[in-house]
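Peer 1: With the input below, show me the fold.
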Amino acid sequence: MWRASRVLVVVLLAAAASARAAEDCITIENFAADAVGAFPAGWRVRKDSAKPGYTVLREGPLHFLRAHAENLGMQAAKEKTWDLDAYPVLAWSWRPRVFPSGANEQSGKNDSVLAVYLLVPYSRIVGPKAVKYVWSGTVPVGTRLSSNAGNTQVRVLRSSATPVATWTAERVNVRDDYRAYFEVKESPKPAGIAVLTDSDDTASVAEGDYADFRACRN
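Peer 2: Presented below is the predicted three-dimensional model:
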């Protein structure tokens, strides 16, 4: 009886810990509800011709987004709002497969195998402000860049030109980055996230995977 009670207590504690962990993050996108081989529901691109470049795939229990760009550069974006003060950390996993040939985000060959954006409403004409995190093949980690007349602030999060077979998990405090990069004290209200695997500036091919987007407390 004592052993059974101890097992029950362990199970209950594990369940409570799991519940607390779930409360620490909210799901932005895990692609679990999407059909394999399809463009993900709830995502948008500026032109329908870009949709074939973003496809939901599956490996075991994991659903993920495969991005394949051939001389193409176009974001796929998902609208999502949340309380950035309560959940300031953006978490996701990504995996580079094919790096755009000759790309360099500091030059006119501004292509990246992987890029993730926090989008913040700004202007109907200019579009949203954004903090962009890239996996570069050449530019050192920590390098700060900007584009779109300063409305997109870029941080190189990873730097390696070697494709990898395993997933790399990321956690960045997008609230603090946004405040620092745009020199504001208030927390913005997110409009959503976006991804970009592009190869138009290098007229080459780029391919990478994205999975498990969450907003977390820490």
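Peer 1: From here on, just use CA atoms for contacts and neighbour counts.
Peer 2: Will do.
Peer 1: got the contact list for the strand or helix carrying Arg158?
Peer 2: Under the criterion of DSSP states H and E, Arg158 resides in strand 152-159. Contacts of strand 152-159 from elsewhere in the structure, counted by CA atoms under 8 Å, 6 or more residues apart in numbering, are 129-147, 181-182.
Peer 1: Quick one: list the elements packing against the longest strand along the chain.
Peer 2: Across the chain, the strand with the greatest residue count (assigned by DSSP state E) is strand 205-216. Using 3 or more CA pairs under 8 Å, 6 or more residues apart in numbering; DSSP states H and E as the contact criterion, the elements in contact with strand 205-216 are strand 25-29, strand 62-70, strand 89-98, strand 114-123.
Peer 1: So which of these is nearest Val195?
Peer 2: If you check each of the helices and strands packed on strand 205-216 against Val195 by CA to CA, strand 114-123 wins as the nearest, at 4.6 Å.
Peer 1: hmm, back to that, could you identify the buried members of the contacts of strand 152-159?
Peer 2: Taking 16 or more other CA atoms under 10 Å as the criterion, what is buried in the contacts of strand 152-159 is 129-139, 144, 146, 181.
Peer 1: Put together JSON lines for those, with secondary structure, distance to Pro61 and pLDDT on each row.
Peer 2: Supplementary listing: these in JSON lines, determined by DSSP: H, G, I helix; E, B strand; the rest coil; distance: CA to CA, whole Å; pLDDT from 0 to 100:
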{"residue": "Lys129", "secondary structure": "strand", "distance to Pro61": "34", "pLDDT": "93"}
{"residue": "Ala130", "secondary structure": "strand", "distance to Pro61": "31", "pLDDT": "96"}
{"residue": "Val131", "secondary structure": "strand", "distance to Pro61": "30", "pLDDT": "97"}
{"residue": "Lys132", "secondary structure": "strand", "distance to Pro61": "28", "pLDDT": "98"}
{"residue": "Tyr133", "secondary structure": "strand", "distance to Pro61": "26", "pLDDT": "98"}
{"residue": "Val134", "secondary structure": "strand", "distance to Pro61": "26", "pLDDT": "98"}
{"residue": "Trp135", "secondary structure": "strand", "distance to Pro61": "25", "pLDDT": "98"}
{"residue": "Ser136", "secondary structure": "strand", "distance to Pro61": "28", "pLDDT": "97"}
{"residue": "Gly137", "secondary structure": "coil", "distance to Pro61": "29", "pLDDT": "96"}
{"residue": "Thr138", "secondary structure": "coil", "distance to Pro61": "33", "pLDDT": "96"}
{"residue": "Val139", "secondary structure": "coil", "distance to Pro61": "34", "pLDDT": "97"}
{"residue": "Arg144", "secondary structure": "strand", "distance to Pro61": "36", "pLDDT": "97"}
{"residue": "Ser146", "secondary structure": "strand", "distance to Pro61": "37", "pLDDT": "94"}
{"residue": "Tyr181", "secondary structure": "helix", "distance to Pro61": "37", "pLDDT": "96"}
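Peer 1: For Gly53, see how far away Arg171 is.
Peer 2: For Arg171, the distance to Gly53 equals 26 Å [CA to CA, to the nearest Å].
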